[in-house]
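>>> Sharing a model that was predicted from the sequence below.
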Amino acid sequence: MADNMKGLKRTHYCGEVTEAGVEVVVGGFADRVRDKGGLIFIVLRDRTGVVQLTFDDTTDREVFEKAASCKSEYVLMAKGIVQQRESVNDKLKTGQVEIAVTDLRILSKAQTTPFEITNETKVNEELRLKYRYLDLRRAPLQQNIIMRHEIAKVTREYFYENGFLEIETPMMMKSTPEGARDYLIPSRVHNGKFYALPQSPQIYKQLLMIAGYDRYIQLARCFRDEDLRADRQPEFTQIDLEMSFVDETDIQGCVEGYIQKLFKDVMGVDIPLPLPKLTFADAMNRYGSDKPDTRFGFEIQDISETVKDIDFVVFKNALEEGGSVRAINVKGGAATYTRKEIDKLVEHAKGIGAKGLAYIRWADEPNCSFKKFLAEGELERICSATDAENGDLVLICADKTKTVLSVLGALRLIAAKRLGVIPEDKYNFLWIVEMPFFEYDEENGTWVAAHHPFTMPMDECIEYLDSEPGKVRAKAWDLVLNGTELSSGSMRITDFELQQKMFEALGMTEEEIQAKFGFLVDAYRYAAPPHGGMGIGLDRLAMIMCKADSLKDVTAFPKVQNASELMSECPSAVDDESLEVLGIKLDIKE
């Protein structure tokens, strides 16, 4: 039978025991037990760290025998006097001291765990997620979860101090199109009808501005039924904010202040302000991505003019068809990228849409993959245009400009990781502004919205809404950190007539508008202040600040690739009676 806590009250967390000569009571899990016969050491662990418990020939025999019966992961409470350790461990905060135990309670015994609870583990992820409650005992995960808590705490403090009101919005709402599939909840009372879990609180926060609440903040749970990846989960937390009587510079300035405070308070890192800005067009042309990692160079260069007279059919065809020829100079890449390594890059480029990849590898002498097509001096001109010198590797792609930028943007990241030139302790924030309002769907030959339908177009672009959609830019922006998109924001349409025009430009009928957004459209008839806002991904922010590889490392109970949770085995089947109450009959096709 387990002991109880009667007579013991915890006075210190394990990681806080540093002062010798005081009596303390600690509680936690037995991390390691070392029995040396007449001397027993138990390393006790809680969320703050570890402390060593000591039992020797001066210890009460009953207490000593109880210590001898302990095994890893037993839950213990111990009372004793803190004393200096003979063998100091400078790697631990508590490594100077130990507790000479006078009273020990075994509160709960543990059977042998399916894997060892250690900081570094090679146990496969599937097993760790099945026993997630054990995995969460490991210090690295605990530190991540604690840092995530600190991020949430500083977030609330900052926005409260800046006049924001935290207001909850519904978790069960009307299904509205927001770019991903909704998770649907059947209604028992209204058979045949469904609620949706929110992809974001977008519509409700705009209604709060119409209602006059001026500054809104919420750490909102959001749900999207889409394919998972390392930085995406089906449910996530968004630092959701909306502001009235502001323009985009006010919103961005407010968020910059938040970012600066967050990194200073949580990590002790100074983020200089203002954060740099790049237009969407510049980001794509220089980095081949709308979320560029600017911690290193290897920028894309347009060499179309330089190569336009070269008698190389790959370049000629691309230029004649309205495309371009562009390059990246992987500085110092020649030594790392042998011919075999370059062949892998070529195959990768083909796998993501390129017809091929040309290169110049300059190791003592420039070795050019298309040298036989070059006239005298043309290789030198390309090297000059790309700032290439001995030791460099120049990668060249010729195709439709969209394809070229996408391919070189991907190769730029691959090469930087391969060469190890990306600094880990650098935090490069970047605003991407002047986003395109529409995207062209080549498959259907139509223009489609790049943002939700309440996004304001830039004033000078409104005239092109009907005639030239490709020219329309949005009052929308993204916040990017080290190549990861953290946030999207925009100013919202508040003019009723312009909103109707937007719906029409998106090809929506009056019936569709009313069915999907009728209540919001009606609300705008009663006047709305100018407003805009953002949604910052708390999970992604935590992932980067914790230097984690995946959102699973900063989420207590994450889902896996197929959106299931291995520990609780959800989603799960429900009985026929529960379905009947909801008016649902399953028709599952194998």
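The structure has been received and is ready for your questions. None of the values given here were measured: they were computed from a predicted structure. Residues are numbered from 1 along each chain as shown.

>>> only C-alpha atoms for contact and neighbour calcs from this point on.
Noted.

>>> quick one: the residue most central in space within the chain from Ile271, how far?
Residue closest to the average C-alpha location in the chain (Cα atoms, centre = their mean): Arg540, at 2.2 Å. Separation of Arg540 from Ile271 (Cα to Cα, to the nearest Å): 18 Å.

>>> Counting neighbours, what do you get for Glu320?
10 (other Cα atoms under 10 Å).

>>> Does Phe194 touch Asp182 like I think?
No: using Cα atoms under 8 Å, Phe194 makes no contact with Asp182, being 10.6 Å away.

>>> out of those two, which sits in the more crowded spot?
Per other Cα under 10 Å, whichever of Phe194 and Asp182 has more neighbours is Asp182, with 20 against 17.

>>> I figured the more buried one was touching Leu197, is that so?
Yes: contact criterion Cα under 8 Å: Asp182 and Leu197 qualify, at 6.6 Å.

>>> Overlap of the contact sets of those two?
Taking Cα atoms under 8 Å, 6 or more residues apart in numbering as the criterion, Asp182 and Leu197 both touch Ser175, Phe223.

>>> Quick one: residues contacting Cys492.
One correction, residue 492 is Arg, not Cys. By Cα under 8 Å, 6+ apart, the contact list for Arg492 reads Phe454, Thr455, Met456, Pro530, His531, Gly532.

>>> and which of those is nearest Arg47?
Arg47 lies nearest to Gly532 out of the contacts of Arg492, by Cα to Cα, at 39.9 Å.

>>> That closest one: neighbour count?
29.

>>> Next: the one 3 residues further on.
When counting by other Cα under 10 Å, one arrives at 25 neighbours for Gly535.

>>> again with the one 3 residues further on
Look at Leu538: counted by other Cα under 10 Å, it has 22 neighbours.

>>> I'd assumed Glu235 was in contact with it.
No: applying Cα under 8 Å as the test, Leu538 and Glu235 come out as separate, 11.7 Å apart.

>>> which intervals of the stretch 151-300 of the chain have sub-threshold pLDDT?
Low-confidence segments of the stretch 151-300 of the chain (pLDDT under 70): 177-179.

>>> again, only this time at 80
176-180, 228-231 (pLDDT under 80).

>>> What segments of it are strands?
With strands called from DSSP state E, counting those that start in this stretch, the stretch 151-300 of the chain shows them at 165-166, 184-186, 194-196, 215-223, 235-244, 277-279, 300-302.

>>> partners of the first one, with directions?
This means strand 165-166. strand 215-223 (parallel) (DSSP bridges).

>>> which other residues reach the partner strand?
Strand 215-223 is contacted from outside by 152, 159, 163-168, 182-183, 197-201, 205, 208-209, 234-244, using Cα under 8 Å, 6+ apart.

>>> And the buried ones among those residues, selectable in ChimeraX?
Only the buried entries of the contacts of strand 215-223 go into this ChimeraX selection, using 16 or more other Cα atoms under 10 Å:
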select :152,159,164,165,166,182,183,197,198,199,200,201,205,208,209,234,235,236,237,238,239,240,241,242,243,244
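
>>> Select the helix or strand of the protein having the lowest average pLDDT value.
Lowest mean confidence among the helices and strands of the chain (mean pLDDT, DSSP states H and E): strand 446-449, at a mean of 74.

>>> just checking, what packs against it?
strand 438-441 (3 or more Cα pairs under 8 Å, 6 or more residues apart in numbering; DSSP states H and E).

>>> Which of the residues in the strand it packs on are classified as buried?
Applying a neighbour-count criterion of 16+ other Cα under 10 Å, one finds Phe438 buried in strand 438-441.

>>> if I look at Leu219, how far off is Asp293?
Distance, Leu219 to Asp293, by Cα to Cα: 27 Å.

>>> I'd like the strands of the stretch 151-300 of the chain as a markdown table, with distance to Thr121 appended.
Shown next, in a markdown table, are the strands of the stretch 151-300 of the chain (distance: least, Cα to Cα, whole Å):
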| stretch | distance to Thr121 |
| --- | --- |
| strand 165-166 | 40 |
| strand 184-186 | 38 |
| strand 194-196 | 39 |
| strand 215-223 | 31 |
| strand 235-244 | 26 |
| strand 277-279 | 41 |
| strand 300-302 | 40 |
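
>>> Select, out of those strands, the one closest to Ala139.
If we rank the strands of the stretch 151-300 of the chain by Cα to Cα, the stretch that ends up nearest is strand 235-244, at 23.0 Å.

>>> Within the sheet, what are the partner strands of that closest one, with directions?
Sheet partners assigned to strand 235-244 using DSSP bridges are listed as strand 215-223 (antiparallel), strand 531-537 (antiparallel).
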